[in-house]
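Engineer: generate a structure from the sequence data that follows.
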Amino acid sequence: MSDLGKPQNTIAVLQKYNFNFQKKFGQNFLIDTRVLDRIINAAEITKEDFVLEIGPGIGTMTQYLCERAKEVAAVEIDRNLIPILSDTLSEYQNVEVWNEDILKVDLNRLALEKNQGRPIKVVANLPYYITTPIIMRLFESHVPVESITVMVQKEVAERMQAKPGTKDYGALSLAVQYYAKPEVVAYVPPNCFIPRPKVGSAVICLTRHEEKIVQAEDEDFMFRIIRASFNQRRKTLVNALNNAPSLPLEKEQIVTTLEEMGLHPNIRGEALTLEQFAQLSNQLNSKADNPAADNLSFDTQERPDGSLPKQTIHGRP
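Structural biologist: Down below sits the predicted model:
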């Protein structure tokens, strides 16, 4: 029975193991059962689902997932939490805990071996300092993911679902919306965590597009244009792209292309939709002497080495 969502039970487990929070891992454990229910319901977990949980902590949400899902793989980087998870998850036979860095796990192989390559669901209370690298790696490495339901910093969630012309709209908005439909399903105040974070949080559900909603002939080139457009947000799009060292574009090319699209040369990047960025990149790419793109991933970590983690812990210690 899941019982760690109650503050007194979480505190009891932490005291039992004399656990010290690691600031470097961004650890903030959820202690509100209503929020836990919202996350599980938003993710629409059923007995048909294989779920990947990132950062299970002491197993609070893991217990909920085990009771609703067919199988759960929980990846936890902090080795000090592994004995605790062995204890708190000992009653569940459908969970496997991996003591690994999620950025180094071969997630495509995980989906293939554990779910026969069928789409998986991802649920997580993500460390805020590494939210974007984790989410973008899930998308960019083409892991078969049906949805990603995660707790993130409130401002990050709002940027993910921001629309053109708003202050929150930027490269992250476009990157996420290229791959998925974002929807904030709950706002969570600091008092729902232990220890309390200094910022508000939000639960956002990213539902993967079944088919691409825009056609970019060169995805890397499109995202180079998008990043350059927002690196100098106050500049016009023409000047931002012309000043970007990674883009082999002449100012006249940019102006002409915008005019061909019916856009004014003084327009800023924040005004363009995802569809317009795709069209702009397709037309500019055909005119540009475009060298091989650099590593454009939003992930700042080293890529995985292709091996599965060897250290695993099953439901019972």
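Engineer: which residues does stretch 155-169 contact?
Structural biologist: Residues outside stretch 155-169 that contact it (C-beta atoms under 8 Å, 6 or more residues apart in numbering) are 128, 131-132, 152, 170, 172-173, 176-177, 182-184, 199, 202-204, 206, 270-273. (Glycine included, C-beta is placed from N, CA and C.)
Engineer: out of those, which are inside strands?
Structural biologist: When DSSP state E is applied, those are split such that 152, 182-184, 202-204, 206 fall in strands.
Engineer: can I have the buried ones of the residues you listed as a PyMOL selection?
Structural biologist: Buried members of the ones in strands among the contacts of stretch 155-169, defined by 16 or more other C-beta atoms under 10 Å, are picked up in PyMOL with:
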select buried, resi 152+182+184+202+203+204+206
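Engineer: want to throw the ones in strands among the contacts of stretch 155-169 into JSON lines with distance to Ala42?
Structural biologist: Written out in JSON lines, the entries for those read as follows (distance: C-beta to C-beta, whole Å):
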{"residue": "Val152", "distance to Ala42": "13"}
{"residue": "Pro182", "distance to Ala42": "12"}
{"residue": "Glu183", "distance to Ala42": "8"}
{"residue": "Val184", "distance to Ala42": "10"}
{"residue": "Ala202", "distance to Ala42": "11"}
{"residue": "Val203", "distance to Ala42": "6"}
{"residue": "Ile204", "distance to Ala42": "9"}
{"residue": "Leu206", "distance to Ala42": "11"}
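Engineer: now flag whichever of the ones in strands among the contacts of stretch 155-169 is closest to Ile11.
Structural biologist: Each of the ones in strands among the contacts of stretch 155-169 was checked against Ile11 using C-beta to C-beta; the closest is Val203, at 23.2 Å.
Engineer: so that closest one makes contact with Gln153?
Structural biologist: No: under the criterion of C-beta atoms under 8 Å, Val203 lies out of contact with Gln153, with a separation of 11.5 Å.
Engineer: so which bits of stretch 247-266 are buried?
Structural biologist: For stretch 247-266, a neighbour-count test (16+ other C-beta under 10 Å) marks 247, 249, 253-255, 257-258, 263 as buried.
Engineer: in those residues, find the pair that's most separated.
Structural biologist: Of all pairs drawn from those, the widest gap by C-beta to C-beta lies between Leu247 and Leu263 and measures 17.4 Å.
Engineer: and the residue nearest the centre of the chain?
Structural biologist: With the centre of the chain defined as its mean C-alpha position, the nearest residue by C-alpha atoms, centre = their mean is Ile135, 2.0 Å away.
Engineer: so that one: helix, strand or coil?
Structural biologist: When states are read from DSSP: H, G, I helix; E, B strand; the rest coil, the local structure at Ile135 comes out as helix.
Engineer: OK, contacts around the closest residue to it other than its chain neighbours?
Structural biologist: The shortest distance from Ile135 to any residue other than its chain neighbours is 6.5 Å, reached at Ile148 (C-beta to C-beta, 6 or more residues apart in numbering). Residues in contact with Ile148 (C-beta under 8 Å, 6+ apart) are 121-124, 135, 138, 180, 205-206, 208.
Engineer: can you give me the strands for the chain?
Structural biologist: In the chain, the segments counted as strands under DSSP E are 29-30, 50-54, 71-75, 95-98, 120-125, 145-153, 180-188, 193-194, 201-208, 312-313.
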